[in-house]
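Chemist: sequence first, predicted coordinates after that:
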Amino acid sequence: MYDLKKGYEVAKEYYAQYGIDVDAVIKACDETPISMHCWQGDDVGGTELKEDKALTGGIQTTGNYPGKARNGEELRADIDMAMKFIPGTLKMNVHANYIEAGRPVDRNEIEPEHYQKWVDWAVEKGVGLDFNPTYFAHPKSDNGTLSCADEETRKFWVEHGIRCRRVGQYFAEKTGKPCVINHWTPDGDKEVPVDTLGPRQRLKKSYDEIFAATEDVTGVIDGIESKVFGIGMESYTVGSHEFCMGYVMNAKKDHIIMTLDAGHYHPTETVSNKLSGIYTFADSVLLHVTRAVRWDSDHVVGLEDETKAIFEELVRMNKLQDTYVATDFFDASINRISAWVIGLRNTRKAILAAMLQPNDKMKELEAAGDVTARLAYKEEFKAAPFSLVWDYYCAQKGAGVGLEWLAEVKKYEEEVLSKRA
Ligand code: RNT
Ligand code: ZN
């Protein structure tokens, strides 16, 4: 290992030249919560006690890497392992299908206590809990959920949404931290339907009913997530971007916000480009950080241009503290703990990198019309000694410097994961 302290001192001097206080940046970065998704650990399978655990709803995990968690205990053990190597404030993002009731419980019957094991674990670790209704991977989700034309089915899913908000309140009460709920419905069609309006009107009605029935719920924020298409539903998505944006803006409720998943837009559209337009009208946004490779969210977050651009935008707008940052990916082709570590470390790195820039100086230059200097500054910082700060930060947090985590995760794979059938 090189001299971390020396490296850090050099970096501090480098950034100080541009008026950047590295210690203050590290503190702010460290305090920014990232909500780590539980579903990377078992390919979105969940812990419901039911026979058919097939993943439906137009999402897919690809790969068959051995060692996935088979129950809540294994999943939390794996999460503990991953969290050791992810510096900074974390929350845990639980999906409703990660229920542990000790008996089969259908989605319209879930109760807060069915998630007690997550609550106990979170309280012990001092992390907050977020939640997600699971409007997919269920026999009643095949012909639509909240937008379903069959009234009985639609009501079933409305009840699920209602119960999820009550679970969210319970999480908030027990952890003392707000619970961010993300509502994503897979509803869509392989062909363009003749009636494209009806399903959207029903989806609106369902959300209205969920929120009306739970007006007393406190401590919960609700993201509404849109999507461009799902596998098998390529031509029409009920909860499109326009629909979800319209719903949120029209709801005019502080707790109802937009969820922007980096993998849910056309290939040339970017979330980084949408943020300031939305923040002109909204006070808060929920982010699903993922790596958009052609479709959706199954690739581990990379420290790549779009990930960096998202956080640069948020930092430069001074909106990072108003944004709920959550990860969303599910790669089954590599060691799943490594997937978490790589993706979450990259998310944290992107936050740190965005803060370690002369953002005020660049704003000044831009305001003064010096577009030449603006470009010069932007480009210069792409080669700044970022990793010296990152390594030091990881060391301080005991999160493993560089690739130190890899050997430990491999050891865990050998000792624990490989023994799982
Ligand atoms: C799917 C959405 C959604 C899911 C999770 C598992 O396209 O991105 O957020 O990934 O609910
Ligand atoms: Zn998502």
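Modeler: The structure has been received and is ready for your questions. Ligands and ions are numbered 1, 2, ... in the order given.
Chemist: buried ones in the helix ranked longest in the chain?
Modeler: The helix that spans the most residues within the chain, counting by DSSP state H, is helix 151-175. Residues 153-154, 156-172, 174-175 are the ones in helix 151-175 that count as buried (16 or more other Cβ atoms under 10 Å). For every residue, glycine as well, the C-beta is placed using N, CA and C.
Chemist: after the helix or strand containing residue 388, next one along is what?
Modeler: Using DSSP states H and E, residue 388 sits within helix 386-396. Once helix 386-396 ends, the next helix or strand along the chain (criterion: DSSP H and E) is helix 404-415.
Chemist: average pLDDT for that next one?
Modeler: The average of the pLDDT scores along helix 404-415 is 98.
Chemist: for this protein, which segments count as helices?
Modeler: 4-16, 22-30, 72-83, 116-125, 151-175, 197-213, 241-251, 271-279, 305-316, 336-355, 359-367, 371-380, 386-396, 404-415.
Chemist: flag every buried residue along the helix holding residue 388.
Modeler: Residues of helix 386-396 classed as buried under the neighbour-count rule (16+ other Cβ under 10 Å) are 386, 388-395.
Chemist: now the longest helix of the chain, how far from the centre of its chain.
Modeler: What separates the centre of helix 151-175 from the centre of its chain is 19 Å, taken as Cα atoms, centre = their mean, to the nearest Å.
Chemist: touching ligand 1 at all, that helix?
Modeler: No - contact between helix 151-175 and ligand 1 is absent, the nearest approach being 11.8 Å (criterion: Cβ under 6 Å from any ligand atom).
Chemist: now residue 108: closest residue in space that isn't a chain neighbour?
Modeler: Leaving aside its chain neighbours, residue 108 sits nearest to residue 159 (4.1 Å; criterion: Cβ to Cβ, 6 or more residues apart in numbering).
Chemist: now do residue 266
Modeler: Leaving aside its sequence neighbours, residue 266 sits nearest to residue 228 (Cβ to Cβ, 6+ apart; 6.0 Å).
Chemist: run a quick neighbour tally on the residue lying closest to residue 286 once chain neighbours are set aside.
Modeler: When the adjacent residues along the chain are set aside, residue 286 lies closest to residue 223, with 3.5 Å between them (Cβ to Cβ, 6+ apart). As a burial measure, the neighbour count of residue 223 was computed by other Cβ atoms under 10 Å and equals 27.
Chemist: does residue 223 have beta-bridge partners, and which?
Modeler: residue 182, residue 257 (DSSP bridges).
Chemist: my read: it touches residue 257, true?
Modeler: Yes - with contact defined as Cβ atoms under 8 Å, residue 223 counts as touching residue 257 (5.5 Å).
Chemist: what do those two both touch?
Modeler: Common contact partners of residue 223 and residue 257 (Cβ atoms under 8 Å, 6 or more residues apart in numbering): 286, 324.
Chemist: next one: residue 177 relative to residue 121, how far apart?
Modeler: 14 Å (Cβ to Cβ, to the nearest Å).
Chemist: over to residue 80?
Modeler: Separation of residue 80 from residue 121 (Cβ to Cβ) stands at 9 Å.
Chemist: when the two are compared, which one has more neighbours?
Modeler: For residue 80 against residue 121, the residue with the higher neighbour count under other Cβ under 10 Å is residue 121, and the figures read 17 against 12.
Chemist: now do the contacts for the closest residue to ligand 2 within the stretch 101-250 of the chain.
Modeler: Shortest the stretch 101-250 of the chain-to-ligand 2 distance, computed as Cβ to the ion: residue-wise this is residue 225, at 5.6 Å. Residues touching residue 225, when contacts are defined by Cβ under 8 Å, 6+ apart, comprise 182-184, 239, 244, 259-261, 264, 286, 288.
Chemist: let me know how buried the residue nearest to residue 49 when sequence neighbours are not counted is, in neighbour terms.
Modeler: Taking Cβ to Cβ, 6+ apart as the measure, residue 49 lies nearest to residue 104, with 4.5 Å between them; neighbours along the chain are not counted. The number of residues packed around residue 104, counting by other Cβ under 10 Å, is 11.
Chemist: what distance do you get for residue 104 to residue 178?
Modeler: On the measure of Cβ to Cβ, residue 104 and residue 178 end up 31 Å apart.
Chemist: then residue 196?
Modeler: Using Cβ to Cβ, one obtains 35 Å as the distance from residue 196 to residue 178.
Chemist: looking at these two, which is more packed in?
Modeler: Regarding residue 196 and residue 178, a neighbour count based on other Cβ under 10 Å identifies residue 178 as having more, with 19 against 13.
Chemist: quick one: contacts for the more buried one?
Modeler: 128, 172, 219-221.
Chemist: pop out the phi and psi values for it.
Modeler: Listed backbone geometry of residue 178 is phi -60, psi 150, with angles given as degrees, to the nearest 10.
Chemist: and stretch 88-101, how far from the chain's centre?
Modeler: For stretch 88-101, the separation from the chain centroid amounts to 12 Å (computed by Cα atoms, centre = their mean).
Chemist: hmm, I was thinking of stretch 178-195
Modeler: Stretch 178-195 sits 17 Å away from the centroid of its parent chain (Cα atoms, centre = their mean).
Chemist: okay, residue 297: pLDDT?
Modeler: Each residue has a pLDDT score; the one for residue 297 is 68.
Chemist: which one is residue 52 nearest to, not counting chain neighbours?
Modeler: Taking Cβ to Cβ, 6+ apart, and ignoring the residues beside it in sequence, residue 52 has residue 139 as its nearest neighbour in space, at 7.6 Å.
Chemist: measure the one you found to ligand 1 for me?
Modeler: 18 Å (Cβ to the nearest ligand atom, to the nearest Å).
Chemist: that concludes my questions; thank you for your assistance.
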